[in-house]
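Visitor: sequence below, structure please.
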Amino acid sequence: MIRSSLAAVLVCAAGAIAQKVTGPIPVTPASHPFLAAEHNLEPMDLSKVGYVEEEFLVSGTADVYGYAADGSLTVKTPMAPYTTRVLVRRPVDPSRFSGTVVVELPNTARRFDWTMLWGYVHNYVTDHGAAWIGITMPGAVPGLKKFNSIRYAAVSFPNPTPNEACPAGAGPGRGGSATSEQEDGLRWDAITQVGSLLKSGSLPGLKADRVYLTTQGADVVTYAESIQPRAKVYDGFVIKSPGGPARISRCAATPPRNGPQYLHDVGVPVIGVLTEGEVLASQPFLRADSDESADRFRIYEIAGAAHIDASPYISLPSVEDQNGAGAAQGTPQWPFNARCEPEIPLQQLPLQSYILNGAFANLDLWVRNGTPAPKARRIELKDGQVALDEFGNGLGGVRSPYVEVPTARYFTTTAGPGTCRELGHDVKFDWARLDSLYGSYKKYAARVDESIERMVKDRFVTETDAKRLRAALIGAGR
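Guide: Below you'll find the model as predicted:
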């Protein structure tokens, strides 16, 4: 039987109230959380790093928002009920908890929760004694219910105006006629309320001093721009692949993709992380770094990196659980329905993990004691394309041994259907070229070590990740 651990939990957050936290929901041989770490595509035993995983349901009321003619936020429908699920990973020993919580909005592109950022930054979380929270968004609700209709019976973002047809040019598909039983605009206050619960200590086992919001793309952009200045709950943001904002509600028009207010004056530090493969498409959104107190902002562009690599796919649900929630794509080694041309493996290039980990470390310093995050060079462009060095790798950006002391050319896109254009691959240098570049392994290792030391000094990688870089490139004994 699911027990309610808290009732009538009040939250002062933008006119909406979180009413109840239910859980932790029991785990049995017949029922486990969707996305449980030990049921991921690459299973993880959290107990080995001193962590525990728990699942809760959070119920509350949320406002559905719109925009006034001047761009200010308005309440379209007040106090509509919702229930979401929250997945928690935290240190077992409370004394090890740093007080920092990373809150992720899972990706719903596959119609179920996929915690991509956990795949990238789990080492940062566990290395630093932080906690991690995943909040289910409306797009994943059907997958949860299909996976376990009893466990997730209560999860819902019901539309308070289900018969409302969206106007032409707005809403899902922008067709202007669809009605829906679900209102995805309820997610904004749900995100706020979960953050408030963390700070109040109302989620058992956690009382956060700092709460950071993260995801890839649109949802966190909309929250930072439109909700955070009003709610003032989150202490900072790390945004992977920042691009255009999401709709504020189901029937709202898609916001302009290059508005002059793009991620300005959020009130707390914001760090965006882009890859070389994303820079051209991101040009409409790129803005200057800033140290203004209300507009603290950084962009880190990673030389040599494609939009996505193997890291986030380890945190996909297992094939069995994917099929339970819908339909798995491909195989565990190649989780897509179509191959690229020529066929490639998923790229094992951990640059995004290292730089995202560094971004969180820098954000934490910025928030804790006011130490500004370091600024980074931008990727260089020439004639509307990324400028390349003599090895075919991008110039500028956040540099690493992979491009400063290269042993391969790193392509940031691949021919083929679907996701292929977002996948990178590399072409290794032959022995003759390596010998002509470095002369000996000792000289190569020395240059790699210098590059890593520079990254640590410039605060783009943590000391712990520097050790991982050395182990990967020049051996664990150095």
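
Visitor: list the buried residues in the host helix or strand of S59.
Guide: Assigned by DSSP states H and E, S59 belongs to strand 51-67. Going by neighbour count (16 or more other CB atoms under 10 Å), the buried part of strand 51-67 is 51, 53-67. C-beta coordinates here come from the backbone N, C-alpha and C atoms, glycine included.

Visitor: what packs against the longest helix along the chain?
Guide: Longest helix in the chain by number of residues (criterion: DSSP state H): helix 351-369. Applying 3 or more CB pairs under 8 Å, 6 or more residues apart in numbering; DSSP states H and E, one finds that helix 351-369 contacts helix 116-127, strand 210-216, strand 236-240, strand 270-275, strand 295-302, helix 463-474.

Visitor: who wins for proximity to Q322 among those?
Guide: Comparing these by their distance to Q322 (CB to CB), the top pick is helix 116-127, with 14.5 Å.

Visitor: what's next to that closest one, contact-wise?
Guide: 44, 49-51, 89, 102, 104, 106-107, 130-132, 134, 214-216, 240, 311-315, 352-353, 356-357, 360-361, 462, 464-465, 468 (CB atoms under 8 Å, 6 or more residues apart in numbering).

Visitor: and if we set it to 6 Å?
Guide: Applying CB atoms under 6 Å, 6 or more residues apart in numbering, the contact partners of helix 116-127 are 49, 102, 104, 107, 132, 214, 216, 311-312, 314-315, 352-353, 356-357, 360, 464.

Visitor: which SSE is immediately downstream of the single longest strand found in the chain?
Guide: Assignment by DSSP state E gives strand 73-91 as the longest strand of the chain. Following strand 73-91 in sequence order, the next helix or strand is strand 100-104 (DSSP H and E).

Visitor: pairing partners for that next one, with directions?
Guide: strand 131-135 (parallel), strand 210-216 (parallel) (DSSP bridges).

Visitor: that one versus helix 116-127: what angle between them?
Guide: 170 degrees (axes from the mean of the first three to the mean of the last three CA atoms, to 10 degrees).

Visitor: mean confidence score for strand 100-104?
Guide: Mean pLDDT, computed over strand 100-104, is 98.

Visitor: distance from the chain centre to the strand holding S59, please.
Guide: Distance, stretch centre to chain centre, for strand 51-67: 17 Å (CA atoms, centre = their mean, to the nearest Å).

Visitor: now the strands for the stretch 351-478 of the chain?
Guide: For the stretch 351-478 of the chain, the strands defined by DSSP state E, counting those that start in this stretch cover 381-382, 385-386, 408-411, 425-428.

Visitor: can I get the ones you listed in TSV including mean neighbour count and distance to A190?
Guide: Formatted as TSV, these follow (neighbours: other CB atoms under 10 Å; distance: least, CB to CB, whole Å):
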stretch	mean neighbour count	distance to A190
strand 381-382	12	39
strand 385-386	15	39
strand 408-411	20	39
strand 425-428	16	39
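
Visitor: how about those strands, which one is nearest N323?
Guide: Of these, nearest to N323 by CB to CB is strand 425-428, at 28.3 Å.

Visitor: that closest one packs against which elements?
Guide: When contacts are defined as 3 or more CB pairs under 6 Å, 6 or more residues apart in numbering; DSSP states H and E, strand 425-428 sits against strand 408-411.

Visitor: so which residues make contact with the strand it packs on?
Guide: Residues from elsewhere that reach strand 408-411 (CB under 6 Å, 6+ apart): 304, 391-393, 424-428.

Visitor: picking that back up, just the buried ones from the contacts of helix 116-127?
Guide: Buried residues within those, defined by neighbour count using 16+ other CB under 10 Å: 102, 104, 107, 132, 214, 216, 311-312, 314-315, 352-353, 356-357, 360.

Visitor: re earlier: tell me which strands the strand holding S59 pairs with, and in which orientation.
Guide: Counting by DSSP bridges, the strands paired with strand 51-67 are strand 18-22 (antiparallel), strand 73-91 (antiparallel).

Visitor: contact partners for L203?
Guide: Contacts of L203 by CB under 6 Å, 6+ apart are L197.

Visitor: equivalent analysis for V52, please.
Guide: V92.

Visitor: go with 8 Å
Guide: Counting by CB under 8 Å, 6+ apart, V52 has contacts 46, 89-92, 205.

Visitor: give the buried residues for the longest helix of the chain.
Guide: 351-367.

Visitor: thinking again about what came up before, closest to I299 out of the buried residues of strand 51-67?
Guide: Nearest to I299 among those, counting by CB to CB, is Y67 at 25.7 Å.

Visitor: what residues are up against the closest one?
Guide: Contacts of Y67 (CB under 8 Å, 6+ apart): 73-74, 248, 252.

Visitor: okay if I get those as CSV plus distance to N40?
Guide: Output for those, formatted as CSV (distance: CB to CB, whole Å):
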residue, distance to N40
L73, 37
T74, 40
I248, 32
A252, 34
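
Visitor: you'd agree P138 is up against L186?
Guide: Yes - the pair P138 / L186 is scored as a contact, 7.1 Å apart, by CB atoms under 8 Å.

Visitor: tally up the residues packed near A327, please.
Guide: 11 (other CB atoms under 10 Å).

Visitor: and A288, how far is that from M455?
Guide: 23 Å (CB to CB, to the nearest Å).

Visitor: of those two, which one has the most company?
Guide: Taking other CB under 10 Å, A288 and M455 do not tie; M455 has more neighbours (23 against 9).

Visitor: for the residue lying closest to that one once chain neighbours are set aside, give me its contacts.
Guide: Counting by CB to CB, 6 or more residues apart in numbering, M455 lies nearest to V461, which is 4.6 Å off, once chain neighbours are set aside. Taking CB under 8 Å, 6+ apart, we find V461 in contact with 354-355, 357-358, 452, 455, 469.

Visitor: show me the shaky parts of the chain.
Guide: 1-18, 169, 171-177, 256-261, 476-478 (pLDDT under 70).

Visitor: not counting its neighbours along the chain, what's nearest the most centrally placed residue in it?
Guide: Closest residue to the average C-alpha location of the chain: T215 at 2.5 Å, with CA atoms, centre = their mean. In this structure, T215 finds its nearest non-sequential neighbour in L105, 4.0 Å apart by CB to CB, 6+ apart.

Visitor: can you give me the neighbour number for the nearest residue to H307 once chain neighbours are set aside?
Guide: Nearest residue to H307 in three dimensions, chain neighbours excluded: E422, at 4.0 Å (CB to CB, 6+ apart). When neighbours are defined as other CB under 10 Å, E422 has 17 of them.

Visitor: same thing with S47?
Guide: By other CB under 10 Å, the residues close to S47 number 12.

Visitor: which residues does the closest residue in space to it that isn't next to it in sequence contact?
Guide: Closest residue to S47 apart from its sequence neighbours, by CB to CB, 6+ apart: V92 at 7.6 Å. Contact analysis of V92 by CB under 8 Å, 6+ apart lists 47, 50-52.

Visitor: which two of those residues have the greatest separation?
Guide: Maximum distance among the contacts of V92 (CB to CB): 8.5 Å, for G50 and V52.

Visitor: run through the bridge partners of the residue nearest to F237 when sequence neighbours are not counted.
Guide: Closest residue in space to F237, ignoring its immediate chain neighbours: V270 at 4.6 Å, by CB to CB, 6+ apart. Beta-bridge partners recorded for V270 (DSSP bridges): F237, F297.
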